[in-house]
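Novice: How does the following fold in three dimensions:
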Amino acid sequence: MTPKQRSTYFGSLWPAACAVQRWNAKDDHQRKRVTFAATGEESTSALNQDQITLLFAKLEWLADPQNFGAALADSDPVAALEANKRKQLIWRIELDAAKVPGNPVKWLAEIASDRHGTSDWQKLPTPELLRFSFTVSGKTTTAARERRSNSCSKRPAARSVQDACTAPAAECLELPF
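Specialist: Below is the predicted model:
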């Protein structure tokens, strides 16, 4: 678990679940039982990202039993992992799109329309969303490279040291060697 995940776990998710379930938040035995039920591990130290996703889904459901989405995520681990993967892909796409000058929302809609036939890229199936993320990443890398090359082309080219020393004007220079 990352420090931020640990903070979320111990700072908000676990206490909220304990409050609703009327458990003692300091009861390590209960916490380990819930962790084991969600992940198959008692300790949170060695959990991988998928197990952390499942643990957080269980705690969200325990904190709000009336929330059907949280109950579904807890009861169907595959769906919970899929939803988490989509959330991460969408975050990565939006982060990459922010690198491009102009309106990133419009830019993403245009790419999605060209590549996938729909401007609503967030509703693409996960495999297509993954391919779309690769496309956006490639285009933002290309766009960044083009911006750098355009800004460099506006500057005068630097002459090499050899050209400066061998040019006809250099013959007038008194060099110490």
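
Novice: if you skip the residues just before and after it, what's nearest to the residue positioned nearest the centre of the chain?
Specialist: By CA atoms, centre = their mean, the chain has its centre lying nearest to R92, at 4.2 Å. Nearest residue to R92, sequence neighbours excluded (CB to CB, 6 or more residues apart in numbering): S133, at 5.6 Å. From N, CA and C alone the C-beta is placed, and that goes for glycine too.

Novice: contacting residues around the one you found?
Specialist: By CB atoms under 8 Å, 6 or more residues apart in numbering, the contact set of S133 is L89, R92, I93, D96.

Novice: where's the residue nearest to the centre of the chain relative to T140, distance?
Specialist: 11 Å (CB to CB, to the nearest Å).

Novice: one step back: ok, and the most crowded of the contacts of S133?
Specialist: Counting neighbours by other CB atoms under 10 Å, I93 leads those with 25 neighbours.

Novice: In this structure S113 contacts W107, no?
Specialist: No: with contact defined as CB atoms under 8 Å, S113 does not count as touching W107 (10.8 Å).

Novice: neighbour-wise, which of the two wins?
Specialist: Applying other CB under 10 Å to S113 and W107 shows that W107 carries more neighbours, namely 17 against 13.

Novice: Show me which positions of the helix or strand encompassing that one end up buried.
Specialist: Using DSSP states H and E, W107 sits in helix 104-116. Neighbour-count burial for helix 104-116 flags P104, W107, L108, I111, A112, H116 (criterion: 16 or more other CB atoms under 10 Å).

Novice: Would you reformat the residues you listed as a markdown table and include pLDDT?
Specialist: Listed next are the buried residues of helix 104-116 as a markdown table, based on pLDDT from 0 to 100:
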| residue | pLDDT |
| --- | --- |
| P104 | 87 |
| W107 | 88 |
| L108 | 90 |
| I111 | 88 |
| A112 | 89 |
| H116 | 82 |
